[in-house]
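Participant: would you be able to build a 3D model of this:
(chains A and B, ligands or ions: 2)
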Amino acid sequence: MRFRDLAFLVVSNLRRMKLRLALTSLGVVIGTSAIVLMVSLGIGLQANLTTSLGDLGAATHITVMPGGMETGMPDEGQLTDAALERFETIEHVEAVMPMTYVMSAQGARYKRYESYMNIMGVPMDAFEAFGYELESGRLPRTDSEVLLGAAVPTSFAAGDSATQAGPSGRLKLDLLGKRLDLTLMMWPSEEEMQKDPMAQGTERKQRLTVVGILAPTDMQTDQTAYVTLDAAHAMNGATRRTTAYENVVVKADSTRNVTAIEDEISGQGFFTFSSQSMLKELNTVFLIIQGVLGALGAIAMLVAALGIANTMTMSIYERTREIGIMKAVGASNRQIKRVFLGEAAIIGVLGGIGGLTFSWAGAALANLFVQSLIASQAGSSGGVMPETSAFFQIPVWLALFAIVFASGIGLLAGVLPAVRAANLDPLTALRHE
Amino acid sequence: MTTAVQVTGLTRQYVMGGEPLEVLRGVDLSIAYGEIVCVMGPSGSGKSTLLNIVGGLDRPTSGSVVVAGSDLARMDDEQLAVYRRRQVGFVFQSFNLIGTMTARRNVELPLLFSGEPEDQRTARAAAALQAVGLGHRLDHKPTELSGGEQQRVAIARASVNEPAIMLADEPTGNLDTHTGQEILSLITSMNAEGRTFLITTHDRAVAKAVAHRIVTIVDGAIARIEQGGTL
Ligand SMILES: Nc1ncnc2c1ncn2[C@@H]1O[C@H](COP(=O)(O)OP(=O)(O)O)[C@@H](O)[C@H]1O
Ligand SMILES: [Mg+2]
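Facilitator: Ligands and ions are numbered 1, 2, ... in the order given. Predicted coordinates for the structure are as follows:
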């Protein structure tokens, strides 16, 4: 029997039972939509969260903060030079970089342009070891030189408008070799506060020369300006280097070793986090969400499969005599089986296509709804609209999978009825009715 | 070879509620190509059972059935299907056409399962319907045809694959006498063009009208073989 003839026979058989076909396919439509929407939500959520996780730092970086726990270690969770040296000896650690925030930084001015940026003190040799790349210029060598993150030159706005302007309205300044004037707010020390409780902070100016600009990354680095550790300490008003850092970044030689290093460091009494451990935790959550959603879809699909099996069983019963006739004129068991498997598969395919169409429409609507929700919230809080990709994503592979899966379900549901039809005794079948 | 069908020592036993029922008890029969053989006998004597076994729809309990040189006893289900498709044409008392298909589609059915290309298939089906006088009713469904016309479509379907043997089980049983006569003369004229027939009937007049030989079965055994009226 030719495939074309089989297909024709199957289709003309199905055309005889349009209503039943529609109702049975509807079950598959529901099951397919459930599964597709659920998987697409999983994909969308993961994509959105992984995108925003990029901000937390490069995949091999571990951020270490003081632990403040009783550990029995000599430094009691303080990020001292000794602790840093210990980190360096941990296996697979490539580099260790302490960081000191310049807390006093109020803003920077270049000519009539102003900007607010994070200023951070880092040891420049370690900085290089971390693999940050310079877009132009060089690393700072003296305490009056500064290195800018890639986004800093675009963060300036003219005069008073600096606080209002959105990121898009800003201009890109050519700052290499130029001088920035920083405003520092020196808060009174505790001793001074004891002497005079009404003591006010005093503003100080600091002039820095831009000697380099970093290549863009997807991290916070882009919005930060870097100075030497000593410069940062000086700007914070400390006369000499403090004994412990607030923040240390440890770089692993590969993402695979991040977790082991993290475990070792947190075992020494420090707080750690990395995009790796974050991702791992989130992945577990997603796995659970997707598992629950998938189970719901599977139940819907199971019900749909039972519907197909039921419809096929009924229609085979009604066509028993016809099966007898086909056998009498020479149809083999296998040919009969193919006819009914074909019908079941087509029910599945139609349901799959319907389900996919439904999911596409549903996903588009849901995305529109979520985005307008986010937009209205961002609008009312005066913030900038965050860049969100779609929360329901239906990639091509998912669409293909849905169709194949639905037809597979149809086929599977049709197996038992089709085998029964094929094995009918021709004489018994002919005597039916 | 001139023997179309050779039946030797054929028995068929059904088991009904634990009780064995001997429906055929050692039937020997040979049919030559170009012959019309009628099997006569009272109801329940085993006529249909004999026909169904020769047609590969039922299996013998013992004995051999050789049609066009091949032994049915040695065939599995798949081979029996191919045998029915190529060597047999069935005509039933109740026509057994598929109600949702046109006359042409019904006649095409055996060729469909043998994988014949569509253009040849439709041409052969049209020719077969032409031969039974229904060339103008190709696209009519069975409900739009009279009983006699439906039986003609069934005969066209049975002959379209050029079978070695055409089997008709009470072909006039559902028709009035006049229409029955027309079907019998159609059978006679097809036989004149070389078709071989094995026909069952309980009606002696029917047998007399077409048969070269009349085989009378009583209780599953051949009681008598006589030369028919047409010889
Ligand atoms: N599948 C079957 N199971 C049990 N008994 C059967 C079956 N088919 C036929 N018989 C019995 O075999 C006998 C012969 O039947 P059949 O060949 O149809 O007779 P006829 O066609 O001569 O009227 C009957 O008694 C019938 O009840
Ligand atoms: Mg009978």
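Participant: quick one, helices of the stretch 201-350 of chain A?
Facilitator: Shown for the stretch 201-350 of chain A, the helices assigned by DSSP state H, counting those that start in this stretch span residues A:229-235, A:258-267, A:275-318, A:320-328, A:333-380.
Participant: how near is the residue in chain A that chain B sits nearest to to residue A:136?
Facilitator: Here chain A gets closest to chain B at one residue, residue A:330, 2.6 Å apart by C-beta to the nearest C-beta. Placement of C-beta: from N, CA and C, glycine included. For residue A:330, the distance to residue A:136 equals 83 Å [C-beta to C-beta, to the nearest Å].
Participant: which of those two has more neighbours?
Facilitator: Per other C-beta atoms under 10 Å in any protein chain shown, whichever of residue A:330 and residue A:136 has more neighbours is residue A:330, with 28 against 15.
Participant: give the closest residue to the more buried one in space, chain neighbours not counted.
Facilitator: For residue A:330, ignoring the flanking residues on the chain, the nearest one in space by C-beta to C-beta, 6 or more residues apart in numbering or on different chains is residue B:85 at 2.6 Å.
Participant: secondary structure element for that neighbour?
Facilitator: Assignment of secondary structure by DSSP states H and E places residue B:85 within helix B:77-87.
Participant: what's the mean pLDDT across the longest helix belonging to chain B?
Facilitator: As far as residue count goes, and with DSSP state H defining each element, the longest helix of chain B is helix B:177-192. In this model, helix B:177-192 has an average pLDDT of 96.
Participant: what lines up beside the next helix-or-strand element following it in the sheet?
Facilitator: Following helix B:177-192 in sequence order, the next helix or strand is strand B:197-201 (DSSP H and E). Strand B:197-201 sits in its sheet next to strand B:36-40 (parallel), strand B:165-169 (parallel), going by DSSP bridges.
Participant: now for those strands, which one comes closest to residue A:337?
Facilitator: Closest to residue A:337 of the strands paired with strand B:197-201 is strand B:165-169 (C-beta to C-beta; 25.7 Å).
Participant: the helix or strand just after the helix holding residue B:85 pairs with which strands?
Facilitator: Once the chain leaves helix B:77-87, the next helix or strand it forms, by DSSP H and E, is strand B:88-91. Each strand that pairs with strand B:88-91, with its direction, by DSSP bridges: strand B:165-169 (parallel).
Participant: could you grab the helix/strand/coil label for the closest residue to residue B:106 other than its chain neighbours?
Facilitator: In this structure, residue B:106 finds its nearest non-sequential neighbour in residue B:97, 4.9 Å apart by C-beta to C-beta, 6+ apart. For residue B:97, the reduced secondary structure class is coil; criterion used: DSSP: H, G, I helix; E, B strand; the rest coil.
Participant: now do the contacts for residue B:97.
Facilitator: For residue B:97, the contacting residues are A:325, B:103, B:106, B:142, B:150, B:153, B:154, B:157, taking C-beta atoms under 8 Å, 6 or more residues apart in numbering or on different chains as the criterion.
Participant: what's the most distant pair in those residues?
Facilitator: Spatial extent of the contacts of residue B:97 (C-beta to C-beta) is set by the pair A:325 and B:103 at 14.2 Å.
Participant: all helices of chain B, in order?
Facilitator: Across chain B, reading from the start of the chain, the helices by DSSP H fall at B:47-54, B:77-87, B:103-113, B:118-131, B:147-159, B:177-192, B:204-210.
Participant: export the last one to CSV, keeping only CA atoms.
Facilitator: C-alpha atoms of helix B:204-210 as CSV (Å, rounded to 0.1, in the frame of the first residue of the first chain):
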residue,chain,number,x,y,z
ARG,B,204,-31.6,-25.7,-6.6
ALA,B,205,-32.9,-23.4,-9.4
VAL,B,206,-30.0,-21.1,-8.9
ALA,B,207,-27.5,-24.0,-9.1
LYS,B,208,-29.3,-25.3,-12.2
ALA,B,209,-29.1,-21.9,-13.9
VAL,B,210,-25.3,-21.4,-13.8
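Participant: flag every residue of chain B that's near chain A.
Facilitator: When proximity is defined by C-beta under 8 Å from any C-beta of the partner chain, chain B lies next to chain A at B:52, B:55, B:57-58, B:77-78, B:81-82, B:84-86, B:88, B:90, B:92, B:96-98, B:100, B:109-110, B:112-115, B:117-118, B:157, B:161.
Participant: which residue lies nearest the spatial centre of chain B?
Facilitator: The residue lying closest to the centre of chain B (C-alpha atoms, centre = their mean) is residue B:167, at 1.1 Å.
Participant: surely that one and residue B:92 touch.
Facilitator: No: with contacts defined as C-beta atoms under 8 Å, residue B:167 does not count as touching residue B:92, sitting 9.3 Å away.
Participant: pLDDT weak spots in chain B?
Facilitator: By pLDDT under 70, the weakly predicted segments of chain B are B:1, B:229-231.
Participant: which residues touch the one residue in it that gets nearest to chain A?
Facilitator: In chain B, no residue comes nearer to chain A than residue B:85, which is 2.6 Å away by C-beta to the nearest C-beta. Residue B:85 is in contact with A:329, A:330, A:331, B:110, B:113, B:114, B:161, counting by C-beta under 8 Å, 6+ apart.
Participant: of all the helices of chain B, which one is nearest ligand 1?
Facilitator: Evaluated over the helices of chain B, closeness to ligand 1 peaks at helix B:47-54, with 3.1 Å, by C-beta to the nearest ligand atom.
Participant: residue of chain A closest to ligand 1, please.
Facilitator: Chain A approaches ligand 1 most closely through residue A:427 (6.5 Å), counting by C-beta to the nearest ligand atom.
Participant: for residue A:299, give its distance to residue A:345.
Facilitator: Between residue A:299 and residue A:345 the distance, using C-beta to C-beta, works out to 22 Å.
Participant: more neighbours, the two?
Facilitator: When residue A:299 and residue A:345 are compared on other C-beta under 10 Å, the one with more neighbours turns out to be residue A:345, at 23 against 12.
Participant: ok, now how distant is that one from residue A:351?
Facilitator: To residue A:351, residue A:345 is 11 Å away according to C-beta to C-beta.
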